[in-house]
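> Could you work out the structure for the sequence below:
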Amino acid sequence: MPANPILEELHSIRERLLADAGGTLDALVDRLQAEERRSERRRYETPKPYEAPQR
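Here you go, the predicted model:
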């Protein structure tokens, strides 16, 4: 398969992010969620699924 520079860059960034977070996906997710909580940016909240009233 021919080399794809875009995918190579993405893989490199992923490896760096994981290393910066301690090498585990759980640590990376924790770090990103903490950054999201500190952020001033608005974030999209997924709508709650509709639940029919109980009879």
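> Now name the helix or strand holding the nearest residue to Leu25 once chain neighbours are set aside.
Leaving aside its sequence neighbours, Leu25 sits nearest to Leu18 (C-beta to C-beta, 6 or more residues apart in numbering; 7.1 Å). The way it works is simple: take the backbone N, C-alpha and C, and place the C-beta from them, glycine included. Using DSSP states H and E, Leu18 sits in helix 5-20.
> Of all the residues in the next helix or strand after that helix, which ones are buried?
Following helix 5-20 in sequence order, the next helix or strand is helix 25-38 (DSSP H and E). In terms of neighbour count (16 or more other C-beta atoms under 10 Å), helix 25-38 has its buried residues at Leu28.
> average pLDDT for helix 25-38?
Helix 25-38 carries an average pLDDT of 93.
> quick check: angle from that helix to helix 5-20?
Angle, helix 25-38 to helix 5-20, by axes from the mean of the first three to the mean of the last three C-alpha atoms, to 10 degrees: 90 degrees.
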